[in-house]
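Visitor: Need the 3D shape of this:
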Amino acid sequence: MTTHEPEPPSPDASADAVSVVAPRLRALRRRAALTLEAAARAAGLSPAHLSRLETGQRQPSLPMLLSLARVYGTTVSELLGETAVDRDAVVRADAMEPTFAGGWTYWQAGGAGRGMQALRVLVPHGSQGDIVRVHPGEEWLHVLRGRLRLRLGDTVHRLGPGDSAHFDSLTPHRIAAQDADGVELLFVHTLLQSPTAALCLGPATAPVHPTSGPVHPTLGETP
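Guide: Reported below is the predicted structural model:
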């Protein structure tokens, strides 16, 4: 009986795959507003290695693709240019299951596997108001009900129903309910260094980074 070994992919096929992935890697990094150095550091690569991946001089391995997908808040399928045929653009109200964490209540208002995460959030009075959050990305919030006390750096803003805020997440920020009844928000943020399906799990014992000190959990980051 004769067995036939599967033929390895031709050089042309490999070159075609690299030509598709390389520009997508660069485009997704730019969409995430990350420098080459910042993206490489978050993915555990050297800037030179990531540059070679983005210019098609090197072919990424699966672990590299998984790491870069996590950093860019997307999926390996998107990195490879594949279209997700089962991705639903609409999230129905009855499909939004509440998640309770750290005293807050979350409803996922957007689809998973995207570069942004959309949430409806209920913030009770006195819950997590003392946590200072600093992390890469951007955040947009809109007050649906109640009043919000938002501290951005050294400035305190008080927002009522219909008010919105859009800010760089590297600005130290605190989110707190102004009234005893709490505040309900629509919240959208980018997922630059977070698993795409993760939600904030509230305050926990903060890990200590060797150079940056205590790190508090943020929306989109698990402690």
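Visitor: Any buried residues in the helix or strand where Arg151 lies, and which?
Guide: Arg151 is part of strand 148-152 when elements are defined by DSSP states H and E. Within strand 148-152, the residues that qualify as buried by neighbour count (16 or more other C-beta atoms under 10 Å) are 148-151. Quick note: C-beta positions are derived from backbone N, CA and C, even for glycine.
Visitor: Ok, stretch 79-99 next?
Guide: Result for stretch 79-99 [16+ other C-beta under 10 Å]: buried residues Leu79.
Visitor: Not counting its own residues, what contacts that stretch?
Guide: Stretch 79-99 has contacts (C-beta atoms under 8 Å, 6 or more residues apart in numbering) with 17, 20-21, 24-25, 28, 65, 68-69, 72, 75, 77-78, 105-111, 113, 120, 199.
Visitor: quick one: low-confidence ranges for this structure?
Guide: Using pLDDT under 70 as the threshold, the predicted model of the chain has low-confidence ranges 1-19, 62, 77, 82-87, 112-115, 191-223.
Visitor: Helices of that one, start to end?
Guide: In chain order, the chain shows helices spanning 11-31, 36-43, 47-54, 62-72, 76-79, with DSSP state H as the criterion.
Visitor: quick one, strands of this protein?
Guide: Ranges of strands within the chain are 98-101, 104-108, 116-123, 138-145, 148-152, 155-159, 164-168, 173-177, 183-190, 208-209, 213-214, based on DSSP state E.
Visitor: any idea how far the second one is from the chain center?
Guide: Relative to the mean C-alpha coordinate of its chain, strand 104-108 is positioned 16 Å out (C-alpha atoms, centre = their mean, to the nearest Å).
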